[in-house]
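# One predicted model, sequence on top.
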Amino acid sequence: MRNTDQHLTALGRAARAFSLLLLVYWGLVALVSPVINIDSQIYNLARLDLALRGGLFNNDHFTSIFHVMYPWGFDAVHLPFLAIGWGYALPSFACLAGLCHVVLTMMRSRYGPDAAWASVLGLLALPCLVYQASSTKNDLAVLFAGAVWVYARWRREREQSNRHLLWMVLALGFMAGAKTTGLLYAVLLSLWTLWEIRQDRKLVLRAAGGLAVAGVLFGSVETYIESARLFGHPMGPPALLERASNRDGAPGAVANLLRHLAGGIYVGPTSFADRQPAITALNQATVSLLDRLGLVDRGIDPRFPDRLLFLAQSGLEELSGFGPLGTLAIVVMLGAALIWRPQAPWWRLATFGLLGMALVSLTLAYNSWMNRYLIAWYTLGTLAVVCLIWQWRGPWLAPGRWGLLLLAAGSAVAAPLLSFNRHPACLAAALLERERLETSAYPIAGEDRAALRRLRKLHPTSRIFVLAHNESVLLPLLQDQALAVVAVNEPSFRRLLTRGTVAHGDLVLQESLNRSPLLTLVEETTAPNVYSLHGTHTHYIYRYLGPPAAPPPAPPCDDKAILAR
Amino acid sequence: MERGLANLRFLPMETLSRLLRFVQDVRNLPYVVLGALLLISLLSRLVLLT
């Protein structure tokens, strides 16, 4: 049934009011927040600052394999915002706005405006999704590209116009360049696109050509080339790829799917300060089920064995789940696996959601921060919930719809309140305590910066080297122009020492205690590790007290200069 | 002023007008967002690579 002419009822107006209010809130967060995401501070955005100093190819400033191996099509969008210093998360928020528009339009067309606004509110009730929408990570970009592909395909069918095919192709190019997993989805959707137009050979050729051009222009080809040159594999170091992949085939996929489904069961917000009995019970039940099926430690990233399984639903961006709506989505997706309703939109959405989760489970090894890899599939599951409720014609129709609205509104409002760095108070902090908010997910980076500023005043001529490893948080230090830090990795630093480039008195920040006789400890920085109650980080700042750098050698004899005389 | 307006004639006004109409059509919002992101990404990558 189609209800395009329906008017908004009280339910629809309530859903619209909540949705618009929350969209304004998340837009404000995106506008004023500094870069608060650790991954971005390690590589997504940090590498842009480093690439400005030395390009992409053969860049000695890169200190992490992640600076090279990941596609940077979406990361690069943030370059102007790094220059401005504000609005870092606006690209992700734009993706959310685009996604909401697609959902609103398509759901309104099918089920009317009430369902459309309920769907939008449902998406805003998924904590992982809204945290990504106010972040600088690239996961939402992949979902947005998928949404544009679906929307363009839908409009092409309705309007019988091939110009929408161009947008399908562009969306796939963007998807391929945004994230490594996006490349996999882009290839699958490209094949789907070509299959759908197979009757028209000329159109197939044009679309294939367009896909090739879009891939070259927007697919971040250059990072694959540099990765292949450095690591012998376009995706990155083979050992790392092996660690990140599911190496156990079907058993690993089943185990991972069970972990992901269990992780979608919401038992209240997780606090690392107090492991609640419900979370502990869920963790134990999941491991017990895996044990009974003989699937313990199958499909995992070796750093995350099942004895440490912790299915977090926290307000931490990296570990956030999908809340109560996510649990409903899981129930509907599992329901779709048990019954056959291929004509029903809810069934198709739920089935695609479940298949998507299965694909993630089959390809990627399980680790603790994988929820963001699942946002597309939870989105489909949540829309399936709305479709199911709106096509329901049973006795509990009105209570069911209002129940969904209340659950979605409550979850959507709770998402910012449960976040430690997206809370309403953080809007003020973004203006008044910007640097503290910036390093709130990794406080020691703020302590390092403060210590280096103190030492800089004492030793104004000393240069500052940051001896970084793969996962060093660099961006807060790189962005402080006055510090002018030089990020180096261990081999580069050794080379600089050998060449005498590191001068007597220079400062060196590193994360581990290095008892080199040439380095004298001048300061220790310690800060809590927000990911654990009792954990702390300690970093060390040294002065280099080796021999003063030799005077520069006399310039070589310049024949042209002599002739000019 | 007139010279300035005359210079504008060299711009592809018809194309600009069509682009403006495309952008103003709210149904194209997802396309506009995607197009903007692609354009910024491409230019930024050029800056980073050169």
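Yep, that arrived. Numbers count the residues shown, from 1 in each chain, chains lettered A, B, ... in the order given.

# Now do the strands in chain A.
A:464-467, A:486-488, A:507-510, A:519-528, A:536-544 (DSSP state E).

# do you know which of these lies nearest chain B?
Closest to chain B of the strands of chain A is strand A:486-488 (CB to the nearest CB; 16.4 Å). The way it works is simple: take the backbone N, C-alpha and C, and place the C-beta from them, glycine included.

# now that closest one, how far from the centre of its chain.
Relative to the centre of its chain, strand A:486-488 is centred 25 Å away, using CA atoms, centre = their mean, to the nearest Å.

# contact partners of it?
Outside strand A:486-488, the residues that touch it by CB atoms under 8 Å, 6 or more residues apart in numbering or on different chains are A:50, A:61, A:63, A:463-468, A:472, A:474, A:477-478, A:496.

# what would the strands of chain A look like in CSV with mean pLDDT and mean neighbour count?
Shown next, in CSV, are the strands of chain A (pLDDT from 0 to 100; neighbours: other CB atoms under 10 Å in any protein chain shown):
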stretch, mean pLDDT, mean neighbour count
strand A:464-467, 94, 23
strand A:486-488, 93, 22
strand A:507-510, 92, 24
strand A:519-528, 86, 15
strand A:536-544, 87, 18
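
# Turn the ones you listed into a markdown table, columns for distance to A:Gly12.
Below are those laid out as a markdown table (distance: least, CB to CB, whole Å):
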| stretch | distance to A:Gly12 |
| --- | --- |
| strand A:464-467 | 53 |
| strand A:486-488 | 52 |
| strand A:507-510 | 55 |
| strand A:519-528 | 45 |
| strand A:536-544 | 49 |
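
# before we move on, the earlier item: ok, so of the contacts of strand A:486-488, who is nearest chain B?
A:Leu50 (9.7 Å).

# Next, the contact list for the residue nearest to the closest one when sequence neighbours are not counted, please.
Nearest non-adjacent residue to A:Leu50, counting by CB to CB, 6 or more residues apart in numbering or on different chains: A:His61, 4.2 Å away. Counting by CB under 8 Å, 6+ apart, A:His61 makes contact with A:Leu50, A:Ala51, A:Arg53, A:Gly54, A:Ala487.

# picking up where we left off before, just the ones in helices from the contacts of strand A:486-488, please.
Taking DSSP state H as the definition of helices, the contacts of strand A:486-488 contribute A:Leu50, A:Leu477, A:Leu478, A:Leu496.

# The first one: neighbouring residues, count only.
Applying other CB atoms under 10 Å in any protein chain shown, we find 23 other residues in the vicinity of A:Leu50.

# just the second one next, same as before
Each residue near A:Leu477 was counted by other CB under 10 Å, and the total is 23.

# Pretty sure it sits against A:Leu483.
Yes. Using CB atoms under 8 Å, A:Leu477 makes contact with A:Leu483 at a distance of 6.3 Å.

# Out of the helices and strands in chain B, which is least certain?
helix B:2-8 (a mean of 61; mean pLDDT, DSSP states H and E).

# Next secondary structure after that helix?
Next helix or strand after helix B:2-8 toward the C-terminus (DSSP states H and E): helix B:13-24.

# Can you give the distance from that next one to the centre of its chain?
8 Å.

# hey, what's in contact with both of A:Leu477 and A:Leu483?
A:Arg449, A:Leu452.

# hang on, the earlier thing: mind putting the contacts of A:His61 into TSV with distance to A:Arg13?
Formatted as TSV, the contacts of A:His61 follow (distance: CB to CB, whole Å):
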residue	distance to A:Arg13
A:Leu50	49
A:Ala51	48
A:Arg53	53
A:Gly54	55
A:Ala487	52
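
# Can you give me the distance of the nearest residue to A:Arg303 once chain neighbours are set aside to A:Val360?
For A:Arg303, ignoring the flanking residues on the chain, the nearest one in space by CB to CB, 6+ apart is A:Asn367 at 7.0 Å. From A:Asn367 across to A:Val360, the span is 12 Å (CB to CB, to the nearest Å).

# higher neighbour count, these two?
Using other CB under 10 Å as the criterion, A:Asn367 and A:Val360 rank with A:Val360 on top: 22 against 15.

# related to what we said a few turns ago, what is the most widely separated pair among the contacts of A:His61?
With CB to CB as the measure, no two of these lie farther apart than A:Ala51 and A:Ala487, at 12.2 Å.

# Average pLDDT for the longest helix along chain B, rounded please.
Taking DSSP H as the criterion, chain B has its longest helix at helix B:29-49. In this model, helix B:29-49 has a mean pLDDT of 97.

# same check, this time on stretch A:54-71
For stretch A:54-71, the per-residue pLDDT averages 94.

# That stretch: how far from the chain's middle?
Relative to the centre of its chain, stretch A:54-71 is centred 19 Å away, using CA atoms, centre = their mean.

# Pull the contacting residues for the residue nearest to A:Arg303.
Taking CB under 8 Å, 6+ apart, we find A:Asn367 in contact with A:Ile300, A:Asp301, A:Arg303, A:Phe304.

# Local confidence estimate at the third one?
What the model reports as pLDDT for A:Arg303 is 91.

# For A:Tyr366, see how far away it is.
With CB to CB as the criterion, A:Arg303 and A:Tyr366 are 10 Å apart.

# neighbour-wise, which of these two wins?
More crowded of A:Arg303 and A:Tyr366, by other CB under 10 Å: A:Tyr366, with 24 against 10.

# Looks like that one contacts A:Asn256 (just checking).
Yes. With contacts counted by CB under 8 Å, A:Tyr366 reaches A:Asn256, the gap being 4.8 Å.

# residues contacting A:Val287?
Contacts of A:Val287 (CB under 8 Å, 6+ apart): A:Val296, A:Asp306, A:Arg307, A:Leu309.

# I'd like these as JSON lines, with pLDDT, distance to chain B and neighbour count appended.
Formatted as JSON lines, those follow (pLDDT from 0 to 100; distance: CB to the nearest CB, whole Å; neighbours: other CB atoms under 10 Å in any protein chain shown):
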{"residue": "A:Val296", "pLDDT": "96", "distance to chain B": "42", "neighbour count": "17"}
{"residue": "A:Asp306", "pLDDT": "95", "distance to chain B": "39", "neighbour count": "19"}
{"residue": "A:Arg307", "pLDDT": "92", "distance to chain B": "42", "neighbour count": "9"}
{"residue": "A:Leu309", "pLDDT": "91", "distance to chain B": "37", "neighbour count": "21"}
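
# Inside helices: which ones of the residues you listed?
Nothing among those maps onto helices, per DSSP H.

# Distance to B:Arg45 for these - can I get that in JSON lines?
Formatted as JSON lines, the contacts of A:Val287 follow (distance: CB to CB, whole Å):
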{"residue": "A:Val296", "distance to B:Arg45": "44"}
{"residue": "A:Asp306", "distance to B:Arg45": "41"}
{"residue": "A:Arg307", "distance to B:Arg45": "43"}
{"residue": "A:Leu309", "distance to B:Arg45": "39"}
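
# Among the contacts of A:Asn367, list the two that are farthest apart in space.
Using CB to CB, those span at most 8.3 Å, a distance reached by A:Ile300 and A:Arg303.

# any idea how far the residue nearest to the spatial centre of chain B is from A:Ala145?
Central residue of chain B (CA atoms, centre = their mean): B:Leu19, 6.8 Å from the mean position. As judged by CB to CB, B:Leu19 and A:Ala145 stand 22 Å apart.

# A:Leu143 and A:Leu380 touch, don't they?
No. The criterion here is CB under 8 Å, and A:Leu143 misses it with A:Leu380 at 9.8 Å.

# Between those two, which is the more surrounded one?
When A:Leu143 and A:Leu380 are compared on other CB under 10 Å, the one with more neighbours turns out to be A:Leu143, at 28 against 25.

# Ignoring the adjacent residues along the chain, who's closest to that one?
Using CB to CB, 6+ apart, the closest residue to A:Leu143 is A:Ala376 (4.6 Å).
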